[in-house]
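Q: Give me a model of this one.
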Amino acid sequence: MSDQFPNAGPGNGRRKPAAFVLDEDKVRFGPDDLGRPLKGEAVILPDLTEDDLAAGASTASLPAKRKKTGFGKWLAIGLGGLVSLSVGLAVDSLIRDLFTRTDWLGWTGVALAALAVCGLLGLIASELLSLRRVAKIDHLREALSDAASRNDTKAAQKSLGELTALYSGRPETAHGRQILAGHMREVIDGRDLVILAERDLLAPLDAQARALVMSSAKHVSLVTSVSPRALVDLLAVLYVNMRTIRQLSELYGGRPGTLGFLRLARHVATHLALTGGMAAGDSLASQVLGHGLAARLSARLGEGVINGLLTARIGIAAIAVCRPAPFLAGKGPKLSDFMGELVSRAEKQDKQG
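A: A predicted model of the protein is given here:
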């Protein structure tokens, strides 16, 4: 036990040692949650370890978090409410004017307004379902990765059951689902189950995804090598990359709507930022072009190859985001897998030109 004395004395801030009887009224046992000790009062606390002192020091050094004021949310809610009210008043005024002209025009306006409301509700429901599908893909990937890292058989079987249900309506996965069902009855190792699912169920989809990314990279490489305008190049690259992300998501079962696609695009951009993908792709392309390829190709064809490689890099990131399972048996597609075909295609174009 150790005595804790308040800073009440002169000099160094501590009072002189004093003797107390433990059953006196002036002796208090900690923790000292009743405020500071009074004059002539002592507090006895348990001995504190170095870990307790370090934890207390780190806790005391943390600044208090400030609550952020959501002025942007207020602005969005206010503007959204005003726009909704203006649209509602405009429709109401239009329908009243139609009724003043003739009844059948008014009822036609009411029917069209009801049809628009039904379409809006259906669009909202569709977007919510697409967001749910995209979130389910993310949940499956995280759950399978966690089950494989912990070698948890029950968790792996549960997540693989959800994965099988996700592809239950896909004829090209029927054989893989049948094989995986047999593995789930026989294999007792969680990590091995996830690897077998990757090999037997997702391998055909992975092959289609690689072919899709290669096709997009070739398309971008061709368009940017023959296009005379930089703006056309930019629009072509943007369109092809957006289409590639959507097609990859549909291939792996996401089927995103507008909001779901925006969420996917944000995830792809985040993945590229975390992995340094764009910088790595640009560096690798520059390195290859600097080791003799630039001497064999024209400037436009070399630029087309670089744009194709960057498109392939975005496609690789999209595969990692859209795929409902992590890459365990292998590291997934790499930029070098697409480079050889893009370069050989550019050299062939250069000879023909």
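Q: Verify the stated contact: Ala312 with Met214.
A: Yes - taking C-beta atoms under 8 Å as the definition, Ala312 is a contact partner of Met214 at 7.3 Å. Placement of C-beta: from N, CA and C, glycine included.
Q: who has more neighbours, the two?
A: Ala312 (30 against 19; other C-beta atoms under 10 Å).
Q: And the more buried one, how far from Pro204?
A: Ala312 sits 20 Å away from Pro204, going by C-beta to C-beta, to the nearest Å.
Q: With Ile195 instead?
A: Taking C-beta to C-beta as the measure, Ile195 falls 16 Å from Pro204.
Q: And the next helix or strand past the helix or strand harbouring Leu112?
A: In the assignment (DSSP states H and E), Leu112 maps to helix 103-150. Downstream of helix 103-150, the first helix or strand assigned by DSSP H and E is helix 153-166.
Q: Next, the angle from that following helix to helix 103-150.
A: 150 degrees (axes from the mean of the first three to the mean of the last three C-alpha atoms, to 10 degrees).
Q: please renumber so the chain begins at 715
A: Let's use 715 as the start, then, which means that last one is helix 867-880.
Q: so what secondary structure elements neighbour helix 867-880?
A: Judged by 3 or more C-beta pairs under 8 Å, 6 or more residues apart in numbering; DSSP states H and E, helix 867-880 is in contact with helix 817-864, helix 888-900, helix 904-914.
Q: Buried ones in stretch 959-967, by neighbour count?
A: Ile959, Arg960, Gln961, Leu962, Ser963, Leu965, Tyr966, Gly967 (16 or more other C-beta atoms under 10 Å).
Q: before we move on, what about stretch 965-985?
A: For stretch 965-985, by 16+ other C-beta under 10 Å, it's 965-971, 974-975, 977-979, 981-982, 985.
Q: quick one on the thing from earlier: so of the buried residues of stretch 959-967, which ones are in helices?
A: Ile959, Arg960, Gln961, Leu962, Ser963, Leu965 (DSSP state H).
Q: Tell me which residues touch the fifth one, please.
A: Counting by C-beta atoms under 8 Å, 6 or more residues apart in numbering, Ser963 makes contact with Val848, Ile851, Arg969, Pro970, Gly974, Phe975, Leu978, Ala1032, Cys1036.
Q: Then the second one?
A: Counting by C-beta under 8 Å, 6+ apart, Arg960 makes contact with Pro970, Phe975, Leu978.
Q: which one of these is nearest Gly836?
A: Minimum distance to Gly836 across the contacts of Arg960 is 16.7 Å, recorded for Pro970 (C-beta to C-beta).
Q: show me what contacts the closest one?
A: The contact partners of Pro970, taken as C-beta under 8 Å, 6+ apart, are Ser844, Arg847, Val848, Arg960, Ser963, Glu964, Arg977, Leu978.
Q: Arg891 too?
A: If you count contacts by C-beta under 8 Å, 6+ apart, Arg891 has them with Thr878, Tyr881, Ser882, Leu915.
Q: could the residues you listed be laid out in a markdown table, adding neighbour count and distance to Ser859?
A: Below are these laid out as a markdown table (neighbours: other C-beta atoms under 10 Å; distance: C-beta to C-beta, whole Å):
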| residue | neighbour count | distance to Ser859 |
| --- | --- | --- |
| Thr878 | 18 | 18 |
| Tyr881 | 20 | 19 |
| Ser882 | 9 | 22 |
| Leu915 | 24 | 16 |
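Q: With respect to Asp817, which of the residues you listed is nearest?
A: Closest approach between the contacts of Arg891 and Asp817, by C-beta to C-beta: Ser882, at 51.7 Å.
Q: Please confirm that that closest one is located within a strand.
A: No - with DSSP: H, G, I helix; E, B strand; the rest coil as the criterion, Ser882 is located in coil rather than a strand.
Q: What's the separation between it and Ala944?
A: Ser882 is 47 Å from Ala944, by C-beta to C-beta.
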